[in-house]
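S.K.: Got a predicted structure here, sequence first:
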Amino acid sequence: NLLVLRVGDGSNVLGTAAAPVTLLEITTAGVIVQAIPVTSAGGAALTLRGDSPTEGVLTIAGDRQSVTFGGYRADTLTANVSTAATNAPRVIGRVNVAGTVNTAQAITGSYLGDSFRSVATDDGTNFWLSGAGQTLSGGVRHVAGPTATTATELSELSNTRQVAVLDGNLFASAGGGAPAVGAYQSGTGLPTVAPQTLGSAGLPTTGNQYQSFYYADLDPAVSWRNTGYATLYVTNSSSGGLALRKFSFVINAGVGSWADSGTINLIGASNVAGFTSGGNVTLYVTPRTTGTGGVQTLTDTTGYNGNFASLTLATLATPVVAGTNYALRGIAFVPRTGVATTTTVTAVTPPTVEQGQPVTFTATVPAASGTATPTGSVQFRSGTTVLATAALTGTGATGTATVTTSALAFGTYAHLTAQYVPDGNPSLNVFN
């Protein structure tokens with residue numbers, strides 16, 4: 001199932017004042033399963049600016065067992081909630097696999113006078129925040145644990161949108177200011193101290209404000225910055241060019257760059273969630289508009305470096321629309337139980353080969369709980385370099401990934417590890 005963040009109460013017109021938040025659990029066909037209200041008054045309040053389409057991003061945790069979002073410690077209808085005149089504490093919101101919302105953690109001194117937009121976490125141990133702010137209080141920042149009350153600047157940024165933990169790395173998008181408009185990897189791994197170097201995807205800047213993103217691994221032989229990803233879907237929330245865009249990391253003459261793989265124009269594009277299965281990518285998009293705009297979806301079957309511009313976004317079978325004096329913001333798959341948290345390399349056969357000869361990697365992935373077989377894939381790595389990727393198969397509570405490759409370059413490959421990559425399969429995404 002999917003989780004959609006809805007802002008508003010249906011009565012008050014959405015403006016610069018604080019508005020209440022509701023999390024809607026819906027099926028992929030659009031049927032509303034439940035509405036989870038977020039506390040909107042008092043010491044546990046988390047509200048959002050009603051008319052800001054860049055706020056309210058939902059991001060699934062690195063371990064897939066929670067979804068995070070950000071807001072303000074301000075009661076509903078608090079005037080100019082995101083401005084310097086208020087500077088309400090910024091709140092980290094979390095919802096777990098049981099659908100329980102936690103808004104206890106408030107952060108001061110960050111995102112002063114501007115929008116707090118996004119929160120990411122590994123497994124609830126560390127948090128990374130994103131947004132805009134005056135006096136160098138914006139950008140991507142780190143929070144050291146679920147009881148911390150301040151955030152540490154990772155680099156001198158002023159304006160970022162979504163932040164996400166993906167496959168053990170930290171990614172962010174930007175709509176303007178510093179850094180320039182684009183999509184970025186922040187450092188390597190999951191950084192907690194400054195300064196961090198930003199790895200830019202080098203996306204087109206003119207007329208674009210990149211809001212939300214989904215990375216996919218559609219060709220295991222191609223990898224941007226050794227992340228395993230070579231396909232990027234991103235929403236452009238610029239009022240003059242609202243669109244869903246696709247880019248592919250292409251290597252020509254040994255040099256890699258992100259190439260345009262098509263644009264689908266929308267009446268409004270706010271946030272995107274996706275999953276990859278069998279080389280196809282299914283995307284769900286929330287609208288930038290208020291009122292009648294609804295969740296849309298498409299399945300991209302064009303593959304790596306294929307142009308998807310001819311595809312059409314469709315509304316869900318049961319349309320999920322915002323409604324009068326409501327707006328839909330973030331979207332993510334709901335947290336999952338039974339997601340694997342450990343991965344073990346069980347065999348590399350043979351351990352020594354000549355260049356061009358085949359080598360087989362095998363790894364097992366046990367479920368964290370329950371008896372469901374983990375789904376997704378495993379990346380076999382030497383350090384941070386992805387050597388090969390294999391899909392998980394099996395029965396019972398353990399999945400197995402096996403892949404044979406003859407494409408390894410000459411050299412010694414030490415510190416072999418296996419990284420589990422959940423596929424976000426909606427059939428397994430349900431609250432218990």
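M.R.: Thanks, I have the structure now.
S.K.: What's the separation between the spatially most distant residue from the centre of the chain and F361?
M.R.: The centre of the chain is farthest from one residue, E354, which by Cα atoms, centre = their mean lies 39.7 Å away. Remark: distance between E354 and F361 (Cβ to Cβ, to the nearest Å) = 17 Å. Quick note: C-beta positions are derived from backbone N, CA and C, even for glycine.
S.K.: how deep is the nearest residue to A84 once chain neighbours are set aside tucked in, by neighbour count?
M.R.: The shortest distance from A84 to any non-neighbouring residue, by Cβ to Cβ, 6 or more residues apart in numbering, is to G113 (3.3 Å). Around G113 there are 17 other residues, counting by other Cβ atoms under 10 Å.
S.K.: so G113 sits right up against A88, yeah?
M.R.: No - look at G113 against A88 with Cβ atoms under 8 Å: they stay out of range, at 11.1 Å.
S.K.: May I have the residues that are in contact with the residue nearest to A84?
M.R.: Shown in contact with G113 (Cβ atoms under 8 Å, 6 or more residues apart in numbering): S82, T83, A84, N87, G133, Q134.
S.K.: tell me the SS of it?
M.R.: Look at G113: counting by DSSP: H, G, I helix; E, B strand; the rest coil, its state is coil.
S.K.: Against V81, how distant is it?
M.R.: 11 Å.
S.K.: can you check A35 too?
M.R.: Distance from A35 to V81, by Cβ to Cβ: 22 Å.
S.K.: Which one of these two is surrounded by more residues?
M.R.: Set A35 next to V81 and count neighbours by other Cβ under 10 Å: V81 wins out with 28 against 12.
S.K.: Secondary structure element for that one, which one?
M.R.: Using DSSP states H and E, no element contains V81; it sits outside every helix and strand.
S.K.: is it true that it touches L14?
M.R.: No - here V81 does not reach L14: they are 11.9 Å apart, not a contact under Cβ under 8 Å.
S.K.: sec struct for the closest residue to G145 other than its chain neighbours, please.
M.R.: Ranked by Cβ to Cβ, 6+ apart and with sequence neighbours excluded, the top spatial neighbour of G145 is T125, at 6.6 Å. Classification of T125 using three-state DSSP returns coil.
S.K.: Give me the neighbour count for T125.
M.R.: Applying other Cβ under 10 Å, we find 12 other residues in the vicinity of T125.
S.K.: strand partners of the helix or strand hosting T362, parallel vs antiparallel please.
M.R.: In this assignment (DSSP H and E), T362 forms part of strand 359-366. Partner strands and pairing direction for strand 359-366 (DSSP bridges) are strand 344-349 (antiparallel), strand 398-405 (antiparallel).
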